[in-house]
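**Q** Make a model of this:
(chains A and B)
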Amino acid sequence: MTVPARSDHEAVTHSMFNALMWALSYPGEAQALADASLEHTTLEYIGLTLLDLETSFYTPDNALEERLKVTGARAKHLQDADYLFYSHLTEDDLEGLEHAKRGDMLYPDRAATIILQASFGSGTTLQLTGPGIETSTALKVDGIPAAFWQLRNKTRHYPLGWDVVLVDGVQVVGIPRSTAVTIIGEAS
Amino acid sequence: MAYVAARGGEKAIQNAEKLHRLLHAPVSRELVSMIKTSMPYLLDRVMGEGSLYAPELAALALAQTGGDYYEAVLLLRAYRSTQPRLAYAQPMSQDDMLTVRRISAAFKDIPGGQILGPTLDYSHRVLNIDVLEDDPQVNAEVEGNALEPAPTPTPPSQPAVASWQRQNRLLANLASQTPPADLADLPDLTREPMLFPASREHRLQALARADTGGVLTLGYSDMRGYGTNHPTVNEVRLAYADVNLTHPVTGAVFSAGKIRVSQAEVVSSFGGSNDEPQLDIGFAATLGWNEVKTIAASMLDMAMDKPDPFPALSEEYVLYHTEPVESSGFCIHYKLPHYVTFQSSLEAMRKAAETNPGEREKGGGGEKAGAATEVSS
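**A** As a prediction, this is how the structure comes out:
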């Protein structure tokens, strides 16, 4: 059986998809995007991987919005969008974010996936527990307001809630809605 | 799920597939092309149920499965699921289709007239054994069958019979419908699960991709009297429809090609109200030309709307059980090892026999006591 050769673009989005899949399977464990070229940012690569004509997205970043539109996905209001991209999440964004889709009991899959630019290794220490984590795991994240985690806790009623992907460089960390997050150390 | 992981037998499994391939003609481009040109109605069925209009791929699916119909539909659906959606086509209108056949059993003189088109409906249903004899006479006859063009060509499109009936208040007007501003917002059964009562869109989509045989079986049960209908075929139409797309840059609408589509409308005299009795209508359409399926499906469409329908004509029953991939897949899954469930059934039987030894001698009930049914799958 012959398999069609992948274009460079397909190869990198395929690798991105794998990274995202493993990231959401093992919350808190960083996965790297293999074969990363610097043509796009990782945030854009995630967009190019997950978005197509049948999906919708929101981002407050106008330049990013233009670049994500090439996927054919529809830019929608925050409360209607499937995928939310924040290249810099601020306290001011949280008020709107509260209205992001959480899914409903009949269709929990209709919840939003939130992709956030962050930096790992410094800042707030989070303790993650839940499926995919043997006991608990700690994650140091900077660049995300601590109030975001409180908002996430408030809005998470499994199976409803957001799936979150944090991005730093070519690394991605998944925090699906099944993961409980506790802040155990504030940024020093 | 009480399946046991079956290990071993890898070689036997590989040989089983090899044996299957050895037993049948090798799949080649020529075979695919021969199926494609010689069996359009079979392709139409596979494409309709596969929900993918791709004659070459449908021919390949049939060649690759040796004509195992449900396997071919499955291959086509599986392939379809890997393909991205590149665009949304504009809605098609009956009035714009290149209609090659449009007949009505309700009125002889329908607007536009009865267009018989290409059909074997009026032919002798006898096997032409002469073909097997390689009789030169047969070929000569075929050549003598050349069509004489009509003095005035039939118009390429034909109005819907129902439009005329609506103008004459025989049928209720359609609720005015405008397609959603964003065509991506149309309900799509291939992307979302069906809930009951199903939306109109989901119902018609389910019937369009339903198993021809399944739809016929349930439709026939309606016709024979399990339903309350005795509808009349208002219209059967075979047509070529343009797939019109909007150019992403210029915004111009253009045709990406034509596809074969068929549709049927049936009417019965139980619509409207006491004050204004009107006809009731059932409708179905599908990819490809498939008259039996669209007629049966349009009758089911009507039957499902009746209050308190016969159980096998209820919406949930019809739409779930005529899904070709789910039903055939569920059926053949029974070939998977059910060793654990079967073993537990046997144990239950034995236990029942042990606890009730007297019953067995008396005959009757005792043997049935332990019979367990497969409930795990």
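
**Q** Can you mark which positions in the lengthiest strand in chain A are buried?
**A** If you go by DSSP state E, chain A has its longest strand at strand A:119-129. Within strand A:119-129, the residues scored as buried using 16 or more other CB atoms under 10 Å in any protein chain shown are A:119-120, A:123-129. (Glycine included, C-beta is placed from N, CA and C.)

**Q** what's the answer for stretch B:325-333, then?
**A** Of all the residues in stretch B:325-333, those buried under the rule 16+ other CB under 10 Å are B:325, B:327-328.

**Q** and the residues you listed as JSON lines, adding distance to chain A and secondary structure?
**A** Listed next are those as JSON lines, based on distance: CB to the nearest CB, whole Å; DSSP: H, G, I helix; E, B strand; the rest coil:
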{"residue": "B:325", "distance to chain A": "21", "secondary structure": "helix"}
{"residue": "B:327", "distance to chain A": "24", "secondary structure": "helix"}
{"residue": "B:328", "distance to chain A": "23", "secondary structure": "helix"}
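
**Q** Looking at the residues you listed, which is nearest residue A:100?
**A** In terms of CB to CB, no member of the buried residues of stretch B:325-333 lies closer to residue A:100 than residue B:325, at 34.7 Å.

**Q** wait, doesn't that closest one sit right on residue B:71?
**A** No - Residue B:325 is not in contact with residue B:71 according to CB atoms under 8 Å; the separation is 10.1 Å.

**Q** which SS class is residue A:144?
**A** For residue A:144, the assignment made with DSSP: H, G, I helix; E, B strand; the rest coil gives coil.

**Q** Phi, psi for it please.
**A** Backbone torsions for residue A:144, taken as degrees, to the nearest 10, come to phi -120, psi 130.

**Q** So it sits against residue A:118, correct?
**A** Yes - with contact defined as CB under 8 Å, residue A:144 reaches residue A:118; the gap is 5.2 Å.

**Q** Which neighbours do the two have in common?
**A** When CB atoms under 8 Å, 6 or more residues apart in numbering or on different chains defines a contact, the residues bordering residue A:144 and residue A:118 alike are residue A:166.

**Q** What's the local residue count around residue 87?
**A** In the absence of a named chain, chain A is used. For residue A:87, the neighbour count with other CB atoms under 10 Å in any protein chain shown is 17.

**Q** that's the wrong chain, I meant chain B
**A** Residues within reach of residue B:87, counting by other CB under 10 Å, total 14.

**Q** What of residue B:44?
**A** As a burial measure, residue B:44 scores 25 neighbours (other CB under 10 Å).

**Q** Please list all residues in contact with the nearest residue to it once chain neighbours are set aside.
**A** In space, and not counting its chain neighbours, residue B:44 is closest to residue B:288: 2.6 Å by CB to CB, 6 or more residues apart in numbering or on different chains. Counting by CB under 8 Å, 6+ apart, residue B:288 touches B:41, B:43-45, B:47-48, B:53, B:260-262.

**Q** mind checking the longest helix of the chain?
**A** This is for chain A. What stands out as the longest helix in chain A, according to DSSP state H, is helix A:8-25.

**Q** wait, I meant chain B there
**A** Using DSSP H, we find that the single longest helix of chain B is helix B:339-355.

**Q** Am I right that residue A:85 falls within a strand?
**A** Yes - Residue A:85 sits within a strand when classified using three-state DSSP.

**Q** looking at it, it is touching residue A:45, isn't it?
**A** No - look at residue A:85 against residue A:45 with CB under 8 Å: they stay out of range, at 11.4 Å.

**Q** which residue packs closest to the residue sitting nearest the centre point of chain A, ignoring adjacent ones?
**A** Centroid-nearest residue in chain A, with CA atoms, centre = their mean: residue A:165, separated by 2.3 Å. Leaving aside its chain neighbours, residue A:165 sits nearest to residue A:115 (4.7 Å; criterion: CB to CB, 6+ apart).

**Q** and chain B, which residues reach chain A?
**A** By CB under 8 Å from any CB of the partner chain, the residues of chain B that approach chain A are B:84-88, B:182, B:184, B:191, B:195.

**Q** which bits of chain A sit near chain B?
**A** A:52-54, A:72, A:74, A:106.

**Q** Among those, name the ones in helices.
**A** Using DSSP H, no member of the residues of chain A next to chain B falls in helices.

**Q** neighbour-wise, which of the residues you listed leads?
**A** residue A:74 (19 neighbours).

**Q** So that residue sits against residue B:182, correct?
**A** Yes - shown here, residue A:74 and residue B:182 form a contact pair, counting by CB under 8 Å, at 6.8 Å.

**Q** Could you confirm residue B:255 falls within a helix?
**A** No - secondary structure of residue B:255 (three-state DSSP): strand, not part of a helix.

**Q** bridging residues for the closest residue to it other than its chain neighbours?
**A** Distances taken as CB to CB, 6+ apart put residue B:242 closest to residue B:255, at 4.1 Å, once the chain neighbours are dropped. Judged by DSSP bridges, the bridge partners of residue B:242 are residue B:258.

**Q** distance of residue B:242 from residue B:188?
**A** Per CB to CB, to the nearest Å, residue B:242 is found 21 Å from residue B:188.

**Q** go on, residue B:88?
**A** According to CB to CB, residue B:88 stands 10 Å off from residue B:188.
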